[in-house]
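Undergrad: Here is my input, please return the structure:
(chains A and B)
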Amino acid sequence: MIETVILVGVLLALLFFLYARARREQMPAQDSQATKAETATELLPPSHVCYYAQIRQALARADREYLAHRATPAVRRRWEADRRTVVRGFLAGLKEDYVRLERLGRTVASLSPELSHELERERLWLGVRFRFWYGVLWVAPLGSRWTLRLLDRTTNLVGSIADRTAAAMTAIGEATNRPA
Amino acid sequence: MQLTTLDYALWALSTALQVGVCILVVRSRSYRSLPLFSAYTWLNLIGLSVGWWAYLRLGYSSRISFNIAWAAFGIVLAARGLAVAELCRRVLRSYDGVWALAWRLLVGVAMLLLVYAGLAVFGVRGGITAFLLTAEHGLELAAALVLLLLLAISNYYHIRVPTLEGMVALGLGVWSLLQVVNNVALLLWPDYYAWGSAVKMVSFQLVLLIWIAALRKPVPQEGQALPVLSQRAYDELAPQTNLRLRLLNERLLEIFKT
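TA: Here you go, the predicted structure:
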């Protein structure tokens, strides 16, 4: 009985949450085509991803080794704290890039007359993977090779979703141009 | 077992609220946009009245009144299933691509849960009441999960859920989920039966209040513009978007190469 109560409690909370989100985030249905085009264009992201090279440099082990010999513990601690702030800022930006691209992909899909099952499934899976690695990176220790590899992987996912969205647009274009 | 004053009071309140919903369905002209849901509200009122009449006339422990009440309930349950299907179609039908993808998913989930309900019923022991409660449990769970999936798909694709459809879905979902708990309690504790009946009616009154709130205003006429990209809009938007995506991709590749 207790399992049923917990399950139903979770499902009820989910129902109210999804209902509230559907009411809050909905796009106006009566929009003109021009407004829709503008909305979709606004969804294009300012690319935080272009700072990745600098972030990777900031995480390089050489810097840590250099400071270990030259700087006092207090300076090193401040450097670590600043570095963490910068990396978290980058991660937040990366997520922003990703969410906007994802939103664009979904908006394009919702407006399209035909969807590719494969692309939709892939975008969903990419979203799950991105959020998972993003969460792991948020709590991961800085300066390890592991963290760098994770950053590579997470940044790569943003590239993948950009690829998928472009492919979806092309697929929709082909479907729309196909004679009935 | 005799009907108590509480039963009478709750029945009277439910009937009054249901009459209110049925009047509002007509007044708001929502039967045009949601004909199956409207039919369900009327069938519900008729079913409740028939059940009320059977128990009042033939007694609470009469076999005939039991059969009449459950037959009426079965018809109402089928009507609710159709209303859920209508809601899914109504919310997603304007989005050709999403609808083509979603209906298979929704039907698949519904079928899976109906098979689960069938299997659960197959192995049940404890007479007709346990059989009916188990069947209802499975069907309510199927309805609730289909509605949840509908809202999740709408959220995922940023699809607009109109106020009426949203509140109807919320009401149907709340009702189904509360019945899942209520039915499990009824199956586990036979002494809970009198309370279970009261809980059922109170939760239904809650749902009726949600629907009354949704039906207060007339349903707006459907707009002409469909949220599907026209060829012209697409021809303007797609190259622009593709160019931005390609640039972002090239920049990413440059980073990985360094």
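
Undergrad: What residues does the residue nearest to A:Arg23 when sequence neighbours are not counted make contact with?
TA: Leaving out its chain neighbours, the residue that sits closest to A:Arg23 by CB to CB, 6 or more residues apart in numbering or on different chains is B:Gly166, at 6.1 Å. Placement of C-beta: from N, CA and C, glycine included. By CB atoms under 8 Å, 6 or more residues apart in numbering or on different chains, the contact set of B:Gly166 is A:19, A:22-23, B:214.

Undergrad: Which positions in the lengthiest helix in chain A come out as buried?
TA: The single longest helix within chain A, with elements called by DSSP state H, is helix A:73-111. Judged by neighbour count (16 or more other CB atoms under 10 Å in any protein chain shown), helix A:73-111 contains these buried residues: A:83, A:86-87, A:90-91, A:93-95, A:97-111.

Undergrad: Just the C-alphas of whichever strand or helix holds A:Trp133, formatted as PDB.
TA: A:Trp133 belongs to helix A:117-139 when elements are defined using DSSP states H and E. Taking C-alpha atoms only, helix A:117-139 is exported to PDB below (Å, rounded to 0.1, in the frame of the first residue of the first chain):
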ATOM      1  CA  HIS A 117      12.100   9.100 -35.400                       C
ATOM      2  CA  GLU A 118      15.800   8.500 -35.300                       C
ATOM      3  CA  LEU A 119      16.700  12.200 -35.000                       C
ATOM      4  CA  GLU A 120      14.100  12.800 -32.300                       C
ATOM      5  CA  ARG A 121      15.200   9.700 -30.300                       C
ATOM      6  CA  GLU A 122      18.800  10.800 -30.700                       C
ATOM      7  CA  ARG A 123      18.100  14.400 -29.500                       C
ATOM      8  CA  LEU A 124      16.300  13.000 -26.400                       C
ATOM      9  CA  TRP A 125      19.200  10.700 -25.700                       C
ATOM     10  CA  LEU A 126      21.800  13.500 -26.200                       C
ATOM     11  CA  GLY A 127      19.800  15.600 -23.700                       C
ATOM     12  CA  VAL A 128      19.900  12.800 -21.100                       C
ATOM     13  CA  ARG A 129      23.700  12.300 -21.600                       C
ATOM     14  CA  PHE A 130      24.400  16.000 -21.500                       C
ATOM     15  CA  ARG A 131      22.600  16.600 -18.200                       C
ATOM     16  CA  PHE A 132      24.200  13.500 -16.700                       C
ATOM     17  CA  TRP A 133      27.800  14.700 -17.600                       C
ATOM     18  CA  TYR A 134      27.000  18.200 -16.700                       C
ATOM     19  CA  GLY A 135      25.900  17.100 -13.200                       C
ATOM     20  CA  VAL A 136      29.000  14.900 -12.800                       C
ATOM     21  CA  LEU A 137      31.300  17.800 -13.900                       C
ATOM     22  CA  TRP A 138      29.600  20.200 -11.500                       C
ATOM     23  CA  VAL A 139      30.800  18.200  -8.500                       C
END
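
Undergrad: by contact count, what packs against that helix?
TA: Using 3 or more CB pairs under 8 Å, 6 or more residues apart in numbering or on different chains; DSSP states H and E as the contact test, the elements touching helix A:117-139 are helix A:73-111, helix A:145-177.

Undergrad: that older thread, reformat the contacts of B:Gly166 as JSON lines; add pLDDT, secondary structure and distance to B:Trp189.
TA: Listed next are the contacts of B:Gly166 as JSON lines, based on pLDDT from 0 to 100; DSSP: H, G, I helix; E, B strand; the rest coil; distance: CB to CB, whole Å:
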{"residue": "A:Tyr19", "pLDDT": "90", "secondary structure": "helix", "distance to B:Trp189": "31"}
{"residue": "A:Ala22", "pLDDT": "83", "secondary structure": "helix", "distance to B:Trp189": "36"}
{"residue": "A:Arg23", "pLDDT": "78", "secondary structure": "helix", "distance to B:Trp189": "38"}
{"residue": "B:Ala214", "pLDDT": "86", "secondary structure": "helix", "distance to B:Trp189": "34"}
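
Undergrad: Of those residues, which is the nearest to B:Gly47?
TA: Nearest to B:Gly47 among these, counting by CB to CB, is B:Ala214 at 21.0 Å.

Undergrad: which residues touch the closest residue to that closest one other than its chain neighbours?
TA: Nearest-residue entry for B:Ala214: B:Met167, 3.4 Å, with adjacent residues in sequence omitted and distances by CB to CB, 6+ apart. Listed by CB under 8 Å, 6+ apart, the contact set of B:Met167 reads B:210-211, B:213-214.

Undergrad: Mark which of the residues you listed are buried, thanks.
TA: B:210-211, B:214.

Undergrad: one step back: now, which of the contacts of B:Met167 lie within helices?
TA: B:210-211, B:213-214.

Undergrad: From those, which shows the smallest pLDDT?
TA: Across these, the smallest pLDDT goes to B:Ala214, namely 86.

Undergrad: Contacts only, for that one.
TA: Contacts of B:Ala214 by CB under 8 Å, 6+ apart are B:163-164, B:166-168, B:171.

Undergrad: go on, A:Thr4?
TA: Counting by CB under 8 Å, 6+ apart, A:Thr4 has contacts B:180-181, B:184.

Undergrad: separation between it and B:Leu187?
TA: Noted for A:Thr4: a distance of 10 Å to B:Leu187, by CB to CB, to the nearest Å.

Undergrad: Likewise for A:Val128?
TA: 36 Å.

Undergrad: the more surrounded of the two?
TA: Per other CB atoms under 10 Å in any protein chain shown, whichever of A:Val128 and B:Leu187 has more neighbours is B:Leu187, with 18 against 9.

Undergrad: my read: the more buried one touches B:Ala130, true?
TA: Yes. With contact defined as CB atoms under 8 Å, B:Leu187 and B:Ala130 form a contacting pair (6.1 Å).

Undergrad: Could you tell me which residues touch both of the two?
TA: Joint contacts of B:Leu187 and B:Ala130 (CB under 8 Å, 6+ apart) do not exist.
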